[in-house]
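Novice: Sequence plus predicted model, see below.
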Amino acid sequence: MRKFFIAVIAFSLSVAALAQASGIPAYLDCTKPIEDRVEDALSRLTLEEKVGLIHAQSKFSSRGVPRLGIPELWTTDGPHGIRSEVMWDEWHQAGWTNDSCVAFPALTCLAATWNPDMAALYGKSIGEEARYRNKNVLLGPGVNMYRTPLNGRNFEYMGEDPYLASQMVVPYIRGVQSNGVAACVKHYALNNQELHRHTTNAMPDDRTLYEIYLPAFKAAVVDGGTWSIMGSYNLYKNQHVCHNQYLLNDILKGEWGFDGAVVSDWGGTHDTAQAIANGLDLEFGTWTDGRTMGKTNAYDSYFMADPYLELIRSGKVGTEELDDKVRRVLRLMFRTSMSPDRPYGSMCSPDHYAAAREIGVEGIVLLRNEGGVLPLDLTAPRKVLVVGENAIKMMTVGGGSSSLKAQHEISPLDGLREALDGKAEVSYARGYVGDVNTGQDGVATGQNLADGRPADVLIAEAVELAKDADYVIFVGGLNKSWHQDCEDSDREQYGLPYGQDAVIEALAGVNKNLVVVNVSGNAVAMPWVVKVPAIVQAWYLGSETGNALADVLTGRVNPSGKLPFTFPVRLEDVGAHAVGEYPGVKRPDEDVWDEKYNEGVLTGYRWHDTKKISPLFAFGHGLSYTDFAYGKLTADKKSMTESETITFEIPVTNTGKVAGAEVVQLYISDPKCSFLRPAKELKGFEKVYLEPGQTKTVTFTVGRDALSYFDADRHEWVAEPGKFTAHAASASDDIRSSVDFTLK
Ligand code: BGC
């Protein structure tokens with residue numbers, strides 16, 4: 001071993017000596033620490049080259065320094081697969097034929113796995129695809145908190161709970177960055193709706209900001225070590241977030257010590273002086289003034305391009321901020337495009353398809369299973385009727401910037417047909433017609449979904465076939481069209497669109513073995529819930545959609561996903577709608593929508609629990625084909641001090657006949673506190689795999705952090721002495737065992 005180390009040191013020294021001898025400039029000398037290389041590069045740049053580094057040169061790239069051999073920086077969406085190539089200055093396709101990708105499940109599905117190992121696998125796999133395609137920055141993952149089920153972009157995020165999202169975002173980032181590709185965590189911060197996304201002035205109080213909306217971003221920076229972060233479109237404290245003193249300078253770079261680059265969301269920059277002073281490092285996607293908009297030279301008109309240069313040349317601003325921005329961009333380059341030891345990546349590999357399927361399967365949530373309708377009983381030949389547009393519609397295309405050109409996508413119907421081959425006769429009825437549009441930005445699915453028949457004819461056809469079927473599987477929900485799960489628009493209703501409720505009611509009336517599969521990234525109303533024995537939440541599962549779904553429906557895999565957000569019965573049961581000001585109040589003379597977050601820290605299950613409102617399906621809920629019995633929750637001490645930790649243990653047994661996994665959740669309550677606190681908050685979880693009859697003891701250790709709230713006046717986290725209760729739960733509305741303890 002010693003000899004090995006000596007050899008390594010000798011080798012490094014000789015490389016360094018060689019570099020010096022051959023006159024390689026320090027910034028190219030890979031043996032030197034990154035900070036030395038950054039300083040050396042910085043010292044060689046002209047003013048124009050520096051400014052050239054901090055804004056885009058095309059839709060997705062920024063300039064390098066050709067004179068010095070510093071390459072361009074290439075970004076890509078994100079966050080579910082690597083976006084296909086678009087024209088230099090247009091959103092339309094560049095027409096490449098080697099840019100199809102594996103579409104991974106949407107991030108809501110990843111969060112629903114409640115399994116950080118799946119997040120690591122996701123990050124590693126998508127990072128490999130990005131690396132192979134020579135992308136340096138992956139625009140994702142997104143961790144904006146789920147505040148309203150109307151937000152058109154919830155499908156790109158990780159649910160309503162800051163702790164869950166924090167645990168899931170960190171391994172994703174590490175996985176991506178292990179490929180020498182930067183994660184660009186988005187959209188920092190408070191981009192909680194798409195309606196008026198450029199003009200909403202989000203107004204949470206400080207406590208709400210720190211307790212609910214910032215923790216996942218903080219985890220991404222402090223624990224995940226993300227190399228870049230994307231500023232969001234909205235305003236906070238009347239400043240656009242892409243150049244925001246409070247969020248970028250004070251919190252991100254100040255309190256959290258972020259040393260990476262802040263990238264503007266595309267078109268999120270509005271002002272040169274603010275961009276200079278308030279923490280923006282790299283400007284992308286700005287729409288220029290109309291004279292030059294859309295022309296290839298428009299990039300010189302960016303707020304951080306010629307206008308910045310002019311201010312410096314005229315002596316109105318100095319170069320201190322510029323140098324800080326350039327350092328950050330160079331650091332990003334040395335970590336990615338100029339990193340000497342990056343792996344080469346891989347694309348559309350069997351491993352990536354296997355990862356997409358595994359993550360999809362683990363994230364599917366069995367919401368309801370009365371009478372054990374699922375898994376499908378295939379012990380005798382069966383007739384299975386599949387109904388619904390989402391059984392056939394490709395969902396990897398659409399939804400905005402996360403739209404993909406997938407190398408393949410297996411539809412639910414095709415996946416079921418393959419899995420049931422030889423075991424069941426599968427027929428299909430359309431049931432309803434939703435949106436027959438099947439393209440975005442020139443990526444066309446090639447599907448022709450046109451069907452001119454009226455609703456009653458479609459329903460009658462499905463009902464007729466359903467009468468004769470052993471099982472009816474309705475696959476519906478939302479889609480990636482405008483006002484559904486789609487960027488730049490919010491949903492206009494909580495209920496299912498396209499008359500689907502009527503189809504489901506009609507099917508429930510004629511067949512008792514009805515399974516409803518809801519494809520969406522959002523909660524939806526289910527007025528028919530008690531009439532439908534089995535309900536499955538299937539998210540957007542990407543390339544392997546049909547296979548993953550069939551795995552769960554047939555019981556090849558036992559479902560183990562749990563909801564990462566609450567399904568309310570009605571929209572009025574959501575804090576943001578009951579007392580919050582969604583979608584904001586327009587200022588009389590300005591295109592700014594002020595939006596108070598009156599529900600404060602009571603979002604999602606925190607609101608439901610505290611206000612005692614029963615959800616349709618609770619945060620953390622998800623059934624299995626087996627049963628789990630929880631023993632007694634115990635603590636290793638009755639009381640603790642602020643500097644101590646406390647450890648809880650709970651035995652969990654698989655009491656059923658098949659192997660399965662259970663997500664054991666730890667919630668903490670602070671029943672007596674001088675501030676209103678949520679009834680309970682998630683502070684730990686673990687997914688345990690158990691064979692039939694097997695018992696495992698799950699252990700959680702927490703410290704002061706898990707007991708604290710953010711005291712805005714003192715601007716610090718405070719844990720008030722007194723009684724606390726820990727709960728072991730199978731869902732936020734299914735507490736199995738609790739234990740009290742005291743903080744001294
Ligand atoms: C979206 C970002 C995306 C960017 C580039 C913006 O409209 O908000 O999430 O990464 O476009 O496509």
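Specialist: It's in. Numbering: from 1, shown residues only.
Novice: Please, which helix or strand holds the residue of the stretch 201-350 of the chain found nearest the ligand?
Specialist: Residue nearest to the ligand within the stretch 201-350 of the chain (CB to the nearest ligand atom): residue 266, separated by 3.8 Å. Where C-beta positions appear, they are placed from N, C-alpha and C, glycine not excepted. Per DSSP states H and E, residue 266 falls between elements, in no helix or strand.
Novice: Isn't it up against residue 285?
Specialist: Yes - contact criterion CB atoms under 8 Å: residue 266 and residue 285 qualify, at 2.6 Å.
Novice: Looking at these two now, which is surrounded by more residues?
Specialist: Neighbour count, other CB atoms under 10 Å: between residue 266 and residue 285, residue 266 has more, with 20 against 15.
Novice: got the contact list for the more buried one?
Specialist: Contact analysis of residue 266 by CB atoms under 8 Å, 6 or more residues apart in numbering lists 284, 285, 401.
Novice: Now do stretch 602-617: distance from first to last residue.
Specialist: 17 Å (CA to CA, to the nearest Å).
Novice: Centre of the chain to stretch 534-544, how far?
Specialist: Taking the mean of its C-alpha atoms, stretch 534-544 sits 16 Å from the chain's own mean (CA atoms, centre = their mean, to the nearest Å).
Novice: before we move on, the earlier item: out of the contacts of residue 266, which are close to the ligand?
Specialist: By CB under 6 Å from any ligand atom, the members of the contacts of residue 266 lying near the ligand are residue 401.
Novice: Near the ligand, which residues of this protein are found?
Specialist: Proximity of the chain to the ligand (CB under 6 Å from any ligand atom) is limited to residues 77, 78, 139, 186, 265, 266, 401.
Novice: Which single one of those residues is nearest to residue 567?
Specialist: residue 186 (25.2 Å; CB to CB).
Novice: How about the closest one: what's its closest non-neighbour residue?
Specialist: Excluding its sequence neighbours, the residue lying closest to residue 186 (CB to CB, 6 or more residues apart in numbering) is residue 230, at 3.7 Å.
Novice: That neighbour touches residue 188, doesn't it?
Specialist: Yes - using CB under 8 Å, residue 230 is in contact with residue 188, at 6.3 Å.
Novice: For the two, indicate the residue with more neighbours.
Specialist: The residue with more neighbours, out of residue 230 and residue 188, is residue 188; 31 against 28, by other CB under 10 Å.
Novice: Tell me which residues touch the more buried one, please.
Specialist: 217, 229, 230, 231, 232, 241, 247, 252, 262.
Novice: For the residues you listed, please prepare CSV with the additional fields pLDDT and secondary structure.
Specialist: Listed next are the contacts of residue 188 as CSV, based on pLDDT from 0 to 100; DSSP: H, G, I helix; E, B strand; the rest coil:
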residue, pLDDT, secondary structure
217, 99, helix
229, 99, strand
230, 98, strand
231, 98, strand
232, 98, coil
241, 98, helix
247, 98, helix
252, 98, helix
262, 98, strand
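Novice: among these, who's most crowded?
Specialist: When neighbours are counted by other CB under 10 Å, residue 231 leads the contacts of residue 188 with 31 neighbours.
Novice: what's that one in contact with, if anything?
Specialist: For residue 231, the contact set (CB under 8 Å, 6+ apart) comprises 187-188, 240-244, 247-248, 262-265, 268, 280.
Novice: Mind doing that once more with 10 Å?
Specialist: Listed by CB atoms under 10 Å, 6 or more residues apart in numbering, the contact set of residue 231 reads 186-189, 191, 240-244, 247-248, 252, 262-265, 268-269, 275, 278-283.
Novice: picking that back up, measure the residue nearest to residue 186 to residue 476 for me?
Specialist: 33 Å (CB to CB, to the nearest Å).
Novice: what's the answer for residue 257, then?
Specialist: Note on residue 257: its distance to residue 476, by CB to CB, is 47 Å.
Novice: How about residue 635?
Specialist: Distance, residue 635 to residue 476, by CB to CB: 46 Å.
Novice: ok, the two, which is more surrounded?
Specialist: Legend: neighbour count by other CB under 10 Å for residue 635 and residue 476, higher for residue 476 (26 against 16).
Novice: three-state assignment of the more buried one?
Specialist: Under DSSP: H, G, I helix; E, B strand; the rest coil, residue 476 falls in the strand class.
Novice: give the contact list for the most centrally placed residue in the chain.
Specialist: By CA atoms, centre = their mean, the chain has its centre lying nearest to residue 157, at 2.9 Å. By CB under 10 Å, 6+ apart, the residues touching residue 157 are 79, 106-108, 111, 141-146, 151, 165, 169, 186-187, 191-192, 216, 521, 564-565.
Novice: All the helices of the stretch 251-400 of the chain, in order from the start?
Specialist: Here the stretch 251-400 of the chain has its helices, by DSSP state H, counting those that start in this stretch, at 272-277, 306-313, 320-335, 350-363.
Novice: ok, so what distance separates the residue nearest to residue 375 when sequence neighbours are not counted from residue 112?
Specialist: With CB to CB, 6+ apart as the criterion, residue 375 has its nearest non-adjacent residue at 2.8 Å, and that residue is residue 555. As judged by CB to CB, residue 555 and residue 112 stand 19 Å apart.
Novice: Equivalent analysis for residue 475, please.
Specialist: Counting by CB to CB - residue 475 and residue 112 are separated by 18 Å.
Novice: and what of residue 48?
Specialist: For residue 48, the distance to residue 112 - CB to CB - is 49 Å.
Novice: So those two - more neighbours on which side?
Specialist: Between residue 48 and residue 112, counted using other CB under 10 Å, residue 112 has the larger neighbour count: 31 against 9.
Novice: Per-residue pLDDT of the more buried one, please?
Specialist: Reported pLDDT at residue 112 in the predicted model: 99.
Novice: what's it in contact with, if anything?
Specialist: Counting by CB under 10 Å, 6+ apart, residue 112 touches 105-106, 118, 158-159, 164, 168, 359-360, 362-365, 537, 539, 560-565, 622, 663.
Novice: Repeat the analysis, applying 7 Å as the threshold.
Specialist: Residue 112 sits next to 363, 365, 539, 561, 562, 563, 564 when contact means CB atoms under 7 Å, 6 or more residues apart in numbering.
Novice: pull the CA atoms of the helix or strand containing residue 170 into PDB?
Specialist: In this structure, residue 170 sits in helix 162-177 according to DSSP H and E. Output of helix 162-177 as PDB, limited to C-alpha atoms (Å, rounded to 0.1, in the frame of the first residue of the first chain):
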ATOM      1  CA  PRO A 162     -39.200  20.000   2.700                       C
ATOM      2  CA  TYR A 163     -37.600  17.100   4.600                       C
ATOM      3  CA  LEU A 164     -38.600  14.500   1.900                       C
ATOM      4  CA  ALA A 165     -37.500  16.700  -0.900                       C
ATOM      5  CA  SER A 166     -34.200  17.400   0.900                       C
ATOM      6  CA  GLN A 167     -33.500  13.800   1.300                       C
ATOM      7  CA  MET A 168     -34.200  13.000  -2.300                       C
ATOM      8  CA  VAL A 169     -32.500  16.000  -4.000                       C
ATOM      9  CA  VAL A 170     -29.100  15.400  -2.500                       C
ATOM     10  CA  PRO A 171     -28.300  11.900  -4.000                       C
ATOM     11  CA  TYR A 172     -29.700  13.100  -7.300                       C
ATOM     12  CA  ILE A 173     -27.200  16.000  -7.400                       C
ATOM     13  CA  ARG A 174     -24.300  13.800  -6.300                       C
ATOM     14  CA  GLY A 175     -25.200  11.200  -9.000                       C
ATOM     15  CA  VAL A 176     -25.300  13.800 -11.800                       C
ATOM     16  CA  GLN A 177     -22.100  15.500 -10.700                       C
END
